[in-house]
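>>> Just a sequence and a predicted model for now, questions to come.
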Amino acid sequence: MNKLSVIKIGGNVIDNSAKLHQFLLDFTALPGDKILIHGGGKIATELGDSLGVTAKMVDGRRITDIETLRIVTMVYAGLINKNMVAQLQAKGCNAIGLTGADGNIIKAVKRPVKDIDYGFVGDLDASSVSSATLDSLLKAGMVPVLCAITHDGDSQLLNTNADTIASAVAVAMSSSYETSLVYCFEKRGVMLDVDDDTSLVSEIRMHEFDQLKEEGVVSGGMIPKLHNAFEAIKSGVAAVYIGKADELAQIDQQNFGTRLIK
Ligand SMILES: Nc1ncnc2c1ncn2[C@@H]1O[C@H](COP(=O)(O)OP(=O)(O)O)[C@@H](O)[C@H]1O
Ligand SMILES: CC(=O)N[C@@H](CCC(=O)OP(=O)(O)O)C(=O)O
């Protein structure tokens, strides 16, 4: 089986042009087939604020009314995706920027209203991903760059958490590639103390995650990130890491961030 790296880059790094530049250089230098998935929640929140549309987040998911959907579509599918593709092209990486609607790569389902109406938020799993289309782009020598916008197959765009997209894409691709999933963000990985750079947890098992959650060591966006990461490792993805975008170049020595163990 050929190797494939599915790399997700978080919003705090995207918002820092020097860090983003270095990350895209390191991404370009990675050997083998690769797919990049990006968020950009921080930039969408800032643009929303300037337009008088205040972000509402519940359990790390953005409540996406029609105004918010317009903003996230402009920011994720337009501003961030196209700038990232242009920067990758300048670095010699033949990137192609896509939403889930393009080539029907990700058909999601609008989250049903229960206690909370999340609005135009898409839920998905590996069966929502067209691995054949991604495979054909890879075989044509292209590097797919997927943003956090999907569709429902009935004209509706949906806002979808980028960590969840990365996990679902990695699981879908793992039937034809030996796939690694790497979550890159601004910290060194899962930390025992988020303010102490020396407190990196180098390996984490499922039962330890439950314990760290109960103790409050992991909180906020790290909880859904680890949940998505464990879903991937349980569902056939060969290796899953969470670590610092600045250190991506170390991934081939397997000396990177926190490694998840089944
Ligand atoms: N134990 C922990 N180790 C590292 N980060 C943690 C931890 N607990 C909570 N966090 C928080 O989780 C955040 C990452 O989640 P999120 O903001 O969703 O990531 P991304 O930027 O990739 O979208 C970090 O910025 C950090 O503040
Ligand atoms: C439904 C939902 O919450 N979607 C996310 C998509 C962007 C994202 O995931 O961005 P980060 O990776 O930078 O957090 C949002 O709008 O914030």
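Thanks, I have it. Residues are numbered from 1 along each chain as shown. Ligands and ions are numbered 1, 2, ... in the order given.
>>> so the nearest residue to residue 75 once chain neighbours are set aside, which of the three states?
Among residues not flanking residue 75 along the chain, residue 44 sits closest, at 4.5 Å (Cβ to Cβ, 6 or more residues apart in numbering). (C-beta placed from N, C-alpha, C; glycine too.) Put simply, residue 44 is helix when judged by DSSP: H, G, I helix; E, B strand; the rest coil.
>>> now swap in the one 10 residues further on and tell me
Residue 54 falls in the coil class when you classify it by three-state DSSP.
>>> Retrieve the pLDDT associated with the nearest residue to it once chain neighbours are set aside.
Spatially, and ignoring its direct neighbours in sequence, residue 54 is nearest to residue 48 (6.6 Å; Cβ to Cβ, 6+ apart). pLDDT recorded at residue 48 is 97.
>>> Wait, residue 48 touches residue 69, no?
No. Between residue 48 and residue 69 there is no contact under Cβ atoms under 8 Å: 11.1 Å.
>>> Quick check: neighbours shared by these two?
With Cβ atoms under 8 Å, 6 or more residues apart in numbering applied, the contact sets of residue 48 and residue 69 do not overlap.
>>> how far does stretch 81-99 sit from the chain's center?
On the basis of Cα atoms, centre = their mean, to the nearest Å, stretch 81-99 is displaced by 16 Å from the centre of the chain it belongs to.
>>> Is ligand 2 within reach of it?
No. Residues of stretch 81-99 contacting ligand 2 under Cβ under 6 Å from any ligand atom: none, with a closest distance of 11.6 Å.
>>> in that stretch, what's buried?
Neighbour-count burial for stretch 81-99, counted by 16 or more other Cβ atoms under 10 Å, picks out 81, 84, 85, 87, 88, 93, 95, 96, 97, 98, 99.
>>> What separation is there between residue 161 and ligand 2?
Counting by Cβ to the nearest ligand atom, to the nearest Å, the gap from residue 161 to ligand 2 is 4 Å.
>>> pLDDT value on that residue, please?
Per-residue pLDDT puts residue 161 at 96.
>>> so how far is residue 64 from it?
According to Cβ to Cβ, to the nearest Å, residue 161 and residue 64 sit 11 Å apart.
>>> Show me which of those two is the more surrounded one.
Ranked by neighbour count (other Cβ atoms under 10 Å), residue 161 and residue 64 place residue 64 first, with 27 against 22.
>>> what's the nearest residue to the residue in the stretch 1-150 of the chain that ligand 2 sits nearest to if we skip its chain neighbours?
Relative to ligand 2, the nearest point of the stretch 1-150 of the chain is residue 39 (2.0 Å; Cβ to the nearest ligand atom). Nearest residue to residue 39, sequence neighbours excluded (Cβ to Cβ, 6+ apart): residue 162, at 3.6 Å.
>>> List, one by one, the residues from the stretch 101-250 of the chain near ligand 2.
Residues of the stretch 101-250 of the chain found near ligand 2 (Cβ under 6 Å from any ligand atom) are 121, 148, 159, 160, 161, 162.
>>> I'd like those residues laid out as JSON lines, including secondary structure.
Compiled in JSON lines, those are given as follows (three-state DSSP):
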{"residue": "121", "secondary structure": "strand"}
{"residue": "148", "secondary structure": "coil"}
{"residue": "159", "secondary structure": "strand"}
{"residue": "160", "secondary structure": "coil"}
{"residue": "161", "secondary structure": "coil"}
{"residue": "162", "secondary structure": "helix"}
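>>> what's the closest of those residues to residue 187?
residue 162 (16.7 Å; Cβ to Cβ).
>>> got a list of what residue 150 touches?
99-101, 106-108, 122, 124, 128, 157-158, 160, 165 are the contacts of residue 150 under Cβ under 8 Å, 6+ apart.
>>> With residue 126 instead?
168, 171, 172, 235.
>>> now swap in residue 151 and tell me
99, 100, 101, 104, 106, 107, 108, 122, 157, 158.
>>> Show me the helices in the stretch 1-150 of the chain, by range?
Residue ranges of the helices in the stretch 1-150 of the chain, as given by DSSP state H, counting those that start in this stretch, are 11-14, 17-29, 41-50, 66-72, 81-90, 131-139.
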